[in-house]
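Undergrad: no letters, just coordinates:
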């Protein structure tokens, strides 16, 4: 008997079998989603005689009836494709994705996503199973939804979403003092200062070069500017807003005798994060206050301090301050509503809490 090749791509049977596309996972997901779009057709007519009812999409059928649902699935599939590429590069076909891959992906998302978002993502996984089976006709059922586990949304010790958590200024000062007296010299604190002063992601701080700093260009506040290429290769110009930041940059440039092409930090992001985690652990900050976040909490500290400074010192309205912070952080314009919730509302809640406590004392 001839032995079958279990690793053959997209092994299928029957007259309806389709050949696997010779493209990446993102393209395979997208192709399947687009083939299942049924714009202009009656969803309610198709529901007759099925277990589906009520409003919304059909959870037990592969059809997609709206642009919003299609776009949501495509964005979700893009994230999964990136996760697989980074963690399981040997998986080249979507039908080779296992339920353990999906569960690991959701566990990663639980660090930054709310319970509502995780519920939506689980519905997308179930829908993607139907779409993939409909389009690629695998020989065996995928069985993703049967063992799909929705994780709990991880929170900070204070009950906030992890992406909302901001580092306390006092904790930042403790970390900087520790790094100065620590016996192991590292250039990682330079990166932490860049995140605090300029709101840089750790990868942006790592890649920043002397030629990106323009202290002879006044910028909006008169202290200079910095050119940054961030996520999606989006360019932005950051306005240096304090003499303290300007003095710090001058000190680093002069003490290290940097040339235009030299990197400001000079070490990789994995070493930057490792040194920060070590400092936070030594100071008992990691477990008690920041179990799942580190550099991002410093970037968040920049956003909150800048937001308050713009309103208090520059007479910006809340909307203007939010838009400016949004631009300086390198977020796309469509992230405004999310930025409001993450970078502004939590500040308001804290101010309202303090106001209420003050009123009670009176």
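TA: Sure thing, it's come through. Every value quoted in this text rests on a predicted model; they were computed, and no experiment measured them.
Undergrad: so how far is residue 129 from the nearest residue to residue 33 once chain neighbours are set aside?
TA: The shortest distance from residue 33 to any non-neighbouring residue, by CB to CB, 6 or more residues apart in numbering, is to residue 73 (5.2 Å). Heads up, the C-betas are built off the backbone N, CA and C, glycines and all. As judged by CB to CB, to the nearest Å, residue 73 and residue 129 stand 12 Å apart.
Undergrad: more neighbours, those two?
TA: Set side by side, residue 73 and residue 129 show more neighbours around residue 73, with 24 against 21, by other CB atoms under 10 Å.
Undergrad: now for the residue nearest to residue 33: which residues touch it?
TA: 33, 64, 124, 127, 128, 131 (CB atoms under 8 Å, 6 or more residues apart in numbering).
Undergrad: so the second one sits against residue 32, correct?
TA: No. With contact defined as CB atoms under 8 Å, residue 64 does not reach residue 32; the gap is 10.2 Å.
Undergrad: can you tell me the helix or strand for residue 176?
TA: If you go by DSSP states H and E, residue 176 is part of helix 169-181.
Undergrad: name the residues that touch that helix?
TA: Contacts of helix 169-181 (CB under 8 Å, 6+ apart): 186, 188-189, 192-193, 196, 275-276, 279-280, 282-283, 285, 289, 298, 301, 305.
Undergrad: filter these down to the buried ones.
TA: Among the contacts of helix 169-181, those buried by neighbour count (16 or more other CB atoms under 10 Å) are 186, 188-189, 192-193, 196, 275-276, 279-280, 285, 289, 298, 301, 305.
Undergrad: which parts of the stretch 151-300 of the chain are strands?
TA: Along the stretch 151-300 of the chain, the stretches classed as strands by DSSP state E, counting those that start in this stretch are 213-214, 225-229, 235-239.
Undergrad: mind checking which of those is nearest residue 82?
TA: Among the strands of the stretch 151-300 of the chain, strand 225-229 comes nearest to residue 82, with 19.2 Å by CB to CB.
Undergrad: tell me the angle that closest one makes with strand 235-239.
TA: Taking axes from the mean of the first three to the mean of the last three CA atoms, to 10 degrees, one finds strand 225-229 and strand 235-239 inclined to each other by 150 degrees.
Undergrad: packing partners of strand 225-229?
TA: If you count contacts as 3 or more CB pairs under 8 Å, 6 or more residues apart in numbering; DSSP states H and E, strand 225-229 packs onto helix 202-207, strand 213-214, strand 235-239.
Undergrad: make a markdown table from these and add mean neighbour count to it.
TA: What follows is the helices and strands packed on strand 225-229, written out as a markdown table (neighbours: other CB atoms under 10 Å):
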| stretch | mean neighbour count |
| --- | --- |
| helix 202-207 | 21 |
| strand 213-214 | 18 |
| strand 235-239 | 16 |
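Undergrad: export these to TSV and tack on distance to residue 318 and mean pLDDT?
TA: What follows is those, written out as TSV (distance: least, CB to CB, whole Å; pLDDT from 0 to 100):
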stretch	distance to residue 318	mean pLDDT
helix 202-207	26	92
strand 213-214	30	95
strand 235-239	19	93
